[in-house]
Each structure stands twice: as C-alpha cells, then as structure tokens.
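Enquirer: sharing a model prediction with you, sequence too.
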Amino acid sequence: MNPILETKDLTIAFGGHVAVDGVNFKVEPNHFKSIIGPNGAGKTTFFNLLSGQLKPTRGQVYWKGEDITKLTPMKRTRKGIGRSFQITNVFPNLTVLENVRIAVQSQKGVRYNMFSHFLHFKDFEVRAMELLTTVLLDKKADSLARNLAHGEKRKLEIAMLLALETEILLLDEPTAGMSIEEVPAILEVIKLIKAQGDRTIILIEHKMDMILDLSDSVTVLFNGRLLADGTPEEIMNNETVQSAYLGGLYDDNAS
Ligand SMILES: Nc1ncnc2c1ncn2[C@@H]1O[C@H](COP(=O)(O)OP(=O)(O)OP(=O)(O)O)[C@@H](O)[C@H]1O
C-alpha cells in the first residue's frame, strides 16, 4: 500500500545541534504508529516538521506522494494532517461545547464555504456534541473550559482535533501531566477513535503499556535518528533499542 505520509532524509539543525537527523519514515493509511525515544530524542521536533510548524534544514515531507515540505501548517491541515490543539488554543471563558462548536464551524468554513449558509448553527452544535461523546466529555458540555481538570482539557483538545476531520491525527503525549486515574479515560478515547478505523494515527508516548496496547508499529528515535521501526514485539526484542534505552524503555514514570 502507498504511504499516506512519508519523509525522506528529514533533517533540522538548531545552530550546531541536529535535532532530527536524516529520518526516512513512512506510515500507511489507517495505520496506528507510535513514536518512542528518550527525552530529547527529537520526537516533538519531528512532529513539528510533519505539521509544518518547523521547516527542515534538509529533506522532504510527502503527503500521498505530493511534496508538501514548503506548505504552511494551515495548508497541511486542509490536506488532512491534524495536530492536536494545545491547551493554549482553548478559549477558557467559553464552555466545552462552544469550544468544539467553533472548531467544527472553522472546519466547515474552510471546506464548504460556498454552502455555509445552508448549514444551521444547530448542526454544528449537534456535531460538537457527538464529538464530546466520542471523547467521553459530553457530561461537561456546559462547563467553562477553564474549570476542567487537566485530563479533561486533554480530551477537549482531542475533540477539537477530531472536529477538523483530518485523515491523520498527530497526538503528542496526550497523557502528559495526567494523574494515574486520568490515564485510562484517555486510553479509552484513543481506542474508540482507533476502533472507528478511518484515521491514521501517529502517537508520541512514553507509556510502554499504552504503546503495546495500541500500536500496529513503532518507530524509535534516538539522538534525532531513526534507530528502529517494526511491530511492537520486534521493537521490544530489538537489542539496539534495549541498549539505547539502558532499561529506561520500560520506565512508565518517564515524563
Ligand atoms: N526551537 C529549538 N531551538 C533549539 N533547540 C531545540 C528547539 N526545539 C528543540 N530543540 C532541541 O532539540 C532536541 C530534541 O527536542 P524534542 O523536544 O524534539 O525532543 P523529544 O524527543 O520530543 O523530547 P521529550 O520526550 O522530552 O518531549 C532537544 O535537544 C531540544 O533541546
């Protein structure tokens, strides 16, 4: 199958420091790929290169075979690459439902501008409610976003990402900063999205139990380089990966 997203020799240097170094990466449609690697391995920088927040020093990003290396983040989102909203993009003084409704509206505005007058405000709200149900946040629809617990804010970000209806979801450590009790709910949400079967998901995570549970394949970054790529079992048994981590791979408490 042809890859939906691919990188060739993708490289970025900050001053003298090469944060992502010659990465050749591929992901097929509707695949669940996780990216792991120690702190500072270049995972978030790699996501920034995929989503267009950063431009590479060298190399290319391809979307369904088309070179999109020079496209802005907005144009990449329109093509189908969705990056999770950061908490800073959430309007704190609006309700949870209003935040998602605005994300739904912005997506419709982008894609169906000509027909927008046919779409009723209520339709946006119905869709927003469906998304809140998907992320298990429907009971908080009327709460102000600023009053949500950290884990609930991450679920709101995922609902807003889903509202963009992109083919690919880039999820950067959705459980970061969460309490142990909050993690299962996010895992449940990601499983629900995966079960719908119509999205390609790329997940950066440190929690190995989550990686093993969800992933079709795993890519390991180390010092900016792609160290290994394979099924979760292959990665777990890969000696180079094990020695690179020096045991840290199985540390659930890594940030
Ligand atoms: N804008 C920047 N300017 C300078 N250096 C940067 C910049 N962004 C990232 N780096 C450096 O690039 C390297 C990779 O950082 P990155 O955040 O991508 O790692 P990571 O694998 O996501 O780490 P973590 O697991 O801790 O989130 C680090 O050494 C970081 O300090």
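Expert: That came in fine, so what should we check first?
Enquirer: can you tell me which residues in the stretch 1-150 of the chain are near the ligand?
Expert: F14, H17, A19, G37, N39, G40, A41, G42, K43, T44, T45 (CB under 6 Å from any ligand atom). Where you see a C-beta, it was placed from the backbone N, CA and C, and this is true even at glycine.
Enquirer: if we go to 8 Å?
Expert: By CB under 8 Å from any ligand atom, the residues of the stretch 1-150 of the chain that approach the ligand are 14-15, 17, 19-20, 37-48, 54.
Enquirer: which residue lies closest in space to the residue in the stretch 51-200 of the chain that the ligand sits nearest to, excluding its sequence neighbours?
Expert: Using CB to the nearest ligand atom, the single residue of the stretch 51-200 of the chain nearest to the ligand is E173, 6.9 Å away. Among residues not flanking E173 along the chain, I204 sits closest, at 5.4 Å (CB to CB, 6 or more residues apart in numbering).
Enquirer: got a list of what D21 touches?
Expert: T11, G42, N223, G224, R225 (CB atoms under 8 Å, 6 or more residues apart in numbering).
Enquirer: tell me the helices and strands packed up against the strand or helix carrying the first one.
Expert: Meaning T11. Following DSSP states H and E, one finds T11 within strand 5-14. For strand 5-14, the elements it packs on are strand 17-27, helix 43-51, strand 58-63, judged by 3 or more CB pairs under 8 Å, 6 or more residues apart in numbering; DSSP states H and E.
Enquirer: apply 6 Å and report the result again.
Expert: strand 17-27, strand 58-63 (3 or more CB pairs under 6 Å, 6 or more residues apart in numbering; DSSP states H and E).
Enquirer: burial of the residue lying closest to L192 once chain neighbours are set aside, as a residue count?
Expert: With sequence-adjacent residues excluded and distances taken as CB to CB, 6+ apart, L192 is closest to T134, at 6.0 Å. When neighbours are defined as other CB atoms under 10 Å, T134 has 17 of them.
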